[in-house]
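Visitor: Below is the structure, and that's it, no one-letter string:
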């Protein structure tokens, strides 16, 4: 199959390029496949004629979304309508990447796909618009994920490693619970989604749960990096956009749909750490 991935310079697009096998994966640069331009989307897709479009492009700067919601709406919502239109012209499938932020973050057990959505931030509202727009594609799947990171890009994992190597004392939030999910684990699950032709809505995170402080602790343990790390609360670091206190996504529906590729979050971290250490020593890619 021919696969077109939006957000070509992003960390998830890179993971798809590096992990997918047996398919023609194309990641056009954002300047070419510009999600803010309807005609650019249509022309690129009609030229490339993909069987599947994975929309990994998004306005993901959560706090900026609060002050630039019209732009976030354009990229995260309206652009998905345009992608769906082009996919329908081609009879292509649209895989829309969404987020835990569509929920209110107040749950006490993992969220099901059937639970009511109630986003509390501009980012969550605009990503929910994207979910709704994706349903306008005759063949579509919405995959909600959370806490993405890997050994490349800009993410929590690399922020923690760089700060610890600089000898900085770190205070990390310990009252937000979720599931760290490596981009490469999600990429493998997305390949299964496409090959097994899943439809509808699915939650796609690694298994288990922790806090940001717990995630940082495990990063430093696996890397054997000494770090001055202490817990703090969300209230200690107020930010423009509210963060979900609880954003664990239930994986039962995914396992019922077909092949489950998602490891535990600790196993996924070990794979990323091993890759990161090989790259740091010059013995492998990063």
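Guide: Alright, I've got the coordinates. Only a predicted model underlies this, so the values are computations on that prediction, with no experimental measurement involved.
Visitor: Now residue 231: phi and psi?
Guide: Main-chain dihedrals, residue 231, degrees, to the nearest 10: phi -80, psi 160.
Visitor: Please enumerate the helices of the stretch 1-150 of the chain.
Guide: 11-19, 38-48, 62-67, 69-73, 79-90, 122-134 (DSSP state H, counting those that start in this stretch).
Visitor: and the shortest one, how far from the chain's centre?
Guide: For helix 69-73, the distance between its averaged C-alpha position and the chain's averaged C-alpha position is 19 Å (C-alpha atoms, centre = their mean, to the nearest Å).
Visitor: Going by neighbour count, list what's buried in that helix.
Guide: For helix 69-73, a neighbour-count test (16 or more other C-beta atoms under 10 Å) marks 69, 72-73 as buried. From N, CA and C alone the C-beta is placed, and that goes for glycine too.
Visitor: again, but for the longest one
Guide: By neighbour count with 16+ other C-beta under 10 Å, helix 122-134 contains the buried residues 122-131, 133-134.
Visitor: longest helix of the chain?
Guide: If you go by DSSP state H, the chain has its longest helix at helix 265-280.
Visitor: which outside residues touch that one?
Guide: 149-151, 157, 161, 179-182, 184-185, 205-210, 215, 218-219, 222-223, 262-263, 284-286 (C-beta atoms under 8 Å, 6 or more residues apart in numbering).
Visitor: Please give the centre-to-centre distance between that helix and its chain.
Guide: 18 Å.
Visitor: Report the inter-axis angle for that helix versus helix 11-19.
Guide: Here helix 265-280 runs at an angle of 80 degrees relative to helix 11-19 (axes from the mean of the first three to the mean of the last three C-alpha atoms, to 10 degrees).
Visitor: buried ones in stretch 167-174?
Guide: 170, 172-174.
Visitor: any residues touching it, and which ones?
Guide: Contacts of stretch 167-174 (C-beta under 8 Å, 6+ apart): 160, 163-164, 211-214, 216, 227-234, 236-237, 243.
Visitor: Can you verify my assumption that residue 86 contacts residue 46?
Guide: Yes - between residue 86 and residue 46 there is a contact at 6.7 Å, judged by C-beta atoms under 8 Å.
Visitor: more crowded one of the two?
Guide: residue 86 (22 against 12; other C-beta atoms under 10 Å).
Visitor: Pull up the distance across stretch 46-55, start to finish.
Guide: 16 Å (C-alpha to C-alpha, to the nearest Å).
Visitor: I am finished for the moment; much appreciated.
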